[in-house]
Structures are given as C-alpha cells and as structure tokens.
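>>> how would this look folded up:
(one chain, ligands or ions: 1)
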Amino acid sequence: MSTQESLLQVRDLRKRFNISGDFLDQLQFKGGKIVRHQEHVHAINGVNFDVSKGEALCVVGESGCGKSTVARTVMGLLKPSAGSISYKGERIDHLSDTALLPYRKKMQMIFQNPYASLNPRMTITQTLEEPVRFHNPSMSGAEVRERVKEVMYSVGIDPGWGVRYPHEFSGGQRQRISIARALTVEPEFIVADEPISALDVSIQAQVLNLMMQTQEERDLTYLFITHDLSVVEHFGTRVAVMYLGTVCELAATKTLFAEPKHPYTQALLSAIPRLEDNRPNHIKLQGEVPTPVNLPTGCVFHGRCPYANDRCRQEIPALIAQSDGSQVACHGIEEGRL
Ligand code: SF4
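Next up is the predicted model:
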C-alpha cells in the first residue's frame, strides 16, 4: 500500500464528548464544599491510519468502539478534540463549513439508515438533482438531468421511477438511491457507515456487490465502517480492528483472516460461523467491554485479555509494524510471548 497515493491521513485522532449536563448538573457536594465535576465519553483515543487511493479500508468493531465517530469526524460532521485529518496532504479537520465545501464534493457519505437519510418530501429525482446543482452551479438543467439519469441506471434504479417518493421503495432500493445520491457529484472518496446493516440479509450481498462494482467503474476509495467481520472478508482491501476507541490491529484483509495476531482480533474472528472444521474454536472473552467514560489504564483490552501482564495494565501499547506488513498494538506480541 505504501507505494500508492495516500488520500486520507488520520493522525492521533481523539474525540471526547462532554456528558456532564448543564452547569447546575455539574455541581457536587464533596468534603463540605461545592465542586464542579465534568464527565466525558472518550470515543476515539489516538487513532492513526491512512487510506490509499483505490482501496477499501474497513473499520471493524463492536458497537460503541468509536468506529462511527471516526467516520463522522473524517467527514467533518464532528470536530476532533485533538489530532489531525488530512486529505491529499491538506489539513481539513479545522476548516470552516465554507472552506470544507470543495472537499464535500470529493468526499461523500452513505449512512446506515437509508430511510432516515432521504427526505420523505422530495421525489427521487429532486433528491438526486439537488447535490448536482449545488456543487455544479454552471451545469445546465439538461446536463443535470443527464448526470442523474446515468447514475440511476448504474445503481439499478429505473430513471422512470424518479417521480416517486422514498417510502415507495424497499430498504435495498432506498440504499441504492442513497448510493446514487453520493455518486451524482462524482466523488473520489466515500465513507460508508454500516451501509448494509439495516437491510435484510438477502439484500445485503446485492448492495455490497453494487458498491464493489461502483468502486471499480468509478475509481473510488472507501472507508467502510461495519460491525460485521464476515462482510469485510469479501469487501475490504485492508481492515482496521477497533476496540474502545483505539485501533488494535491493521492489516491486509487476507493477512488478517489467515493470521489474526491481536488477541481481540482472534476472538472476533473465532466468532464467525464457518463450515470448515479446521477453524479455531470460539474464543470466549471474559467480562464486558469497559465504559468509555472511565477508560482502563494501559492496554484498553487488558481486563478481558488472557495474556495481560503488569506492563499491559500500565502502558498503552503502540501500533507496531510486523514483518508481514500488518500493524498490531500489543505488548505480548512485541515481547514475543504471543
Ligand atoms: Fe493482551 Fe497485553 Fe496485548 Fe493488551 S497488550 S492485548 S493486555 S497481551
């Protein structure tokens, strides 16, 4: 990947949300005094990755691991608390909405719930024409209509249905329309946040196939967020596995599935049902995912890891490059005891 052009660079990204309520909620009586107490959810805690042109980087993890916050922060929908996001070498994380406009054309987002993300009062044609007109004010009406028609064909939606409203379509068709809306402005980079998890299982493969076909036809790059590792196996070029707001392993998809290294990745992979009987037995993790309000010290996974030692409980492991090109954040692997 290193030889390919890097489109997106995320460096030491952090995002925390203040959940302390208003000023009066924050006041507490302690030791005879009134003190102000604030609480934060630490959603992303120092995430680093690059997305190369033409690849599909999948970010995988259980709900609450921070993957959707990564997606929204990359798209500028949330401002990071610290760290940087660059697109083609230009910092974009601190830009105003106006300065972000040219990037909004190049970077598009597809959301999990296609029903909520389509305006119920607009016809499909209106929904698809709006972003084209907005980003290309010099285009004639005929050119806009032609662009929309071409995109509708390419995602398998008959342009003749453009007069209909979102509620007249099935979930799978609505997600095709959401994909079409992203494509109408001819983006380079698409962030897809759980784009198939709200769909029936029978429809999921069709939408995934459409996304793969579109990637090839339009030379797209994806940041694909999912909780489902089995989806990643068929879709992604590389995978970043997240746990409690940190990336614990980042590897080429084939490498990750053939030889998962981090104990958390191994547990996740072992939970995928397989027909072959030579797969490792299901690894049952002890305990629950800790709350992101009070992050554990050291490795965030230490409370559930069978290999944790004193160092793991104190020192945060860094993502370290391995000989096969993957990167793993684990003291046990660095020390050669795993
Ligand atoms: Fe387990 Fe330690 Fe590795 Fe964390 S750093 S995954 S606790 S061995």
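>>> near the ligand, which residues of the protein show up?
Residues of the chain lying close to the ligand (CB under 6 Å from any ligand atom) are 262-263, 299, 301-302, 305, 307-308, 312, 317, 330-332. (Each C-beta comes from the backbone N, C-alpha and C, glycine too.)
>>> And for the residue in the stretch 1-150 of the chain positioned nearest to the ligand, the neighbour number?
Closest contact between the stretch 1-150 of the chain and the ligand, by CB to the nearest ligand atom, is at residue 45 (13.9 Å). For residue 45, the count of nearby residues is 22 (other CB atoms under 10 Å).
>>> which residues does it contact?
14, 66, 244, 245, 246, 295, 300 (CB atoms under 8 Å, 6 or more residues apart in numbering).
>>> Only alpha carbons, please: show stretch 56-67 as PDB.
What follows is the C-alpha trace of stretch 56-67 in PDB, where atoms were taken according to Å, rounded to 0.1, in the frame of the first residue of the first chain:
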ATOM      1  CA  ALA A  56     -11.500  -0.100   0.700                       C
ATOM      2  CA  LEU A  57     -10.300   0.300   4.300                       C
ATOM      3  CA  CYS A  58     -12.800  -1.400   6.600                       C
ATOM      4  CA  VAL A  59     -13.000  -0.300  10.200                       C
ATOM      5  CA  VAL A  60     -14.500  -3.100  12.300                       C
ATOM      6  CA  GLY A  61     -15.500  -3.300  15.900                       C
ATOM      7  CA  GLU A  62     -18.400  -3.900  18.200                       C
ATOM      8  CA  SER A  63     -21.000  -1.100  18.900                       C
ATOM      9  CA  GLY A  64     -19.500   1.700  21.000                       C
ATOM     10  CA  CYS A  65     -15.900   1.100  19.800                       C
ATOM     11  CA  GLY A  66     -15.800   4.500  18.200                       C
ATOM     12  CA  LYS A  67     -15.900   3.500  14.500                       C
END
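>>> Name the nearest residue to residue 251, sequence neighbours excluded.
Excluding the flanking residues, the one nearest residue 251 by CB to CB, 6 or more residues apart in numbering is residue 326, at 3.3 Å.
>>> Could you measure from that neighbour over to the ligand?
Using CB to the nearest ligand atom, to the nearest Å, we find residue 326 at a distance of 14 Å from the ligand.
>>> from memory that residue sits against residue 257, does it?
No. Using CB atoms under 8 Å, residue 326 is not in contact with residue 257; the gap is 11.4 Å.
>>> out of those two, which sits in the busier spot?
A direct count of neighbours by other CB under 10 Å for residue 326 and residue 257 places residue 326 higher, at 22 against 17.
>>> Got the confidence number for the more buried one?
Looking at residue 326, its pLDDT is 97.
>>> cool, residue 3 as well?
Looking at residue 3, its pLDDT is 53.
>>> Equivalent analysis for residue 37, please.
Here, the pLDDT recorded for residue 37 equals 81.
>>> Quick one: residues contacting the spatially closest residue to it that is not a sequence neighbour.
Distances taken as CB to CB, 6+ apart put residue 28 closest to residue 37, at 4.8 Å, once the chain neighbours are dropped. Counting by CB under 8 Å, 6+ apart, residue 28 makes contact with 34, 35, 36, 37.
>>> What sits closest to residue 47 if chain neighbours are left out?
Residue 47 sits nearest to residue 13 (CB to CB, 6+ apart), 4.5 Å away.
>>> Show me what secondary structure element comes after the helix or strand containing that neighbour.
Here residue 13 is covered by strand 6-18, with elements defined by DSSP states H and E. Of the helices and strands lying after strand 6-18 in sequence (DSSP H and E), the nearest is helix 23-26.
>>> Which strands and helices lie in contact with that following helix?
If contacts are counted by 3 or more CB pairs under 8 Å, 6 or more residues apart in numbering; DSSP states H and E, helix 23-26 sits against no helix or strand.
>>> Show the average pLDDT along whichever helix or strand comes after it.
Heading C-terminal from helix 23-26, the first helix or strand you meet, by DSSP H and E, is strand 27-30. Averaging pLDDT along strand 27-30 yields 81.
>>> Off-centre distance for strand 27-30?
Per CA atoms, centre = their mean, to the nearest Å, the displacement of strand 27-30 from the mean C-alpha position of its chain is 39 Å.
>>> got the buried residues for that strand?
When burial is assessed from 16 or more other CB atoms under 10 Å, strand 27-30 yields no buried residues.
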